[in-house]
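1. Here is the input, now give the coordinates:
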Amino acid sequence: MIDRQEFAEELLLRENIRKAIKIVKNSRTKRRLNEQKQETELRAIIQDLLNEAQTAVATTAKHASTGINTLEDLLRNSNILSVLEMGYKSLTTDKIQRESYRNHVLVAVEKVLAPEESRKEAGEEIVTALEEDVNIDIDRPEDDPDFIDVDEEEVEKSDGEIEKEDFALAGEDKTGRNKAFTDFQTIEKVILRAFDDLDNPEDRGLFSEYLIKNLALYFDKYESDLDTNVEEPAVAAAAEPTLEPGEEEEIANIELQELIKHLNIDDIVENLV
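-> Sure thing, here's the model as predicted:
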């Protein structure tokens with residue numbers, strides 16, 4: 001027959017073992033959570049420091065070209081990048097839509113700046129020609145046979161504005177094209193206004209070239225942000241090794257044995273009695 005005291009000791013021992021297992025598991029869980037929290041906080045601190053450093057450099061550094069300075073001001077202080085990022089990232093059905101959006105925007109920027117540059121180069125010649133033109137003294141200018149009346153006719157679009165039919169690229173996705181056209185109408189005048197402030201041909205050339213290059217780089221960044229299939233870095237993977245089934249329980253048992261060593265059986269029996 002089982003001794004009553006031995007039975008009570010067995011029950012108490014089992015209860016303490018269950019508590020010990022729970023303590024071990026809770027301790028390991030808390031340790032993992034704390035490590036993850038500390039890593040997240042550290043990453044946030046490092047990112048803040050990097051952002052502060054980049055901002056400090058960007059606000060003090062000026063480039064050797066007025067065209068590049070104008071471009072930096074345009075990208076930093078206008079809604080161009082936010083409009084393009086929102087439009088690009090909204091096209092999540094298929095990457096083809098985003099590629100179409102990207103291609104249409106880049107080509108449109110190139111097209112819209114080309115006539116503006118030509119117009120600026122020809123501007124001085126046009127002014128000179130007008131000054132040398134023959135002055136005709138007529139009481140009513142509209143009576144001049146060369147006078148063109150546009151009051152009742154649609155005003156012709158400027159060379160810098162792109163119509164929808166001219167905007168489309170053959171073979172590209174139409175959803176991406178339509179979204180690109182809508183967003184480009186929002187940013188077109190902002191781009192032209194900044195470009196129009198530049199008169200030096202070299203400044204205009206650098207502005208155009210690096211605007212397109214930077215937009216392409218930002219589109220690459222937006223695509224990277226959308227990529228959800230990025231593999232976990234090797235360092236992160238090594239930080240938390242995967243345990244085979246049963247290994248975790250084995251480790252818990254080892255830790256449990258260490259705890260049992262510190263249990264005072266005499267105290268347990270004494271408290272029970």
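2. Can you tell me the closest non-neighbouring residue to residue 91?
-> Closest residue to residue 91 apart from its sequence neighbours, by Cβ to Cβ, 6 or more residues apart in numbering: residue 97 at 4.0 Å. Backbone N, C-alpha and C define where each C-beta goes, glycine included.
3. now the helix or strand hosting residue 42: mean pLDDT?
-> Assigned by DSSP states H and E, residue 42 belongs to helix 4-60. The pLDDT scores in helix 4-60 average 80.
4. So which other helices or strands are in contact with that helix?
-> Here helix 4-60 touches helix 247-261, helix 265-272, going by 3 or more Cβ pairs under 8 Å, 6 or more residues apart in numbering; DSSP states H and E.
5. looking at these, which has the lowest confidence?
-> helix 265-272 (a mean of 50).
6. picking that back up, mind checking how far the residue nearest to residue 91 is from residue 221?
-> Between residue 97 and residue 221 the computed distance is 18 Å (Cβ to Cβ, to the nearest Å).
7. which one of the two has more residues nearby?
-> Higher neighbour count among residue 97 and residue 221: residue 97, with 22 against 11, using other Cβ atoms under 10 Å.
8. Verify the stated contact: that one with residue 176.
-> Yes. Counting by Cβ atoms under 8 Å, residue 97 does reach residue 176; the two are 4.1 Å apart.
9. joint contacts of the two?
-> Counting by Cβ atoms under 8 Å, 6 or more residues apart in numbering, the common neighbours of residue 97 and residue 176 are residue 91.
10. so what pLDDT did residue 84 get?
-> At residue 84, the pLDDT value in this model is 96.
11. Sorry, slip of the keys, the one I care about is residue 182.
-> 94.
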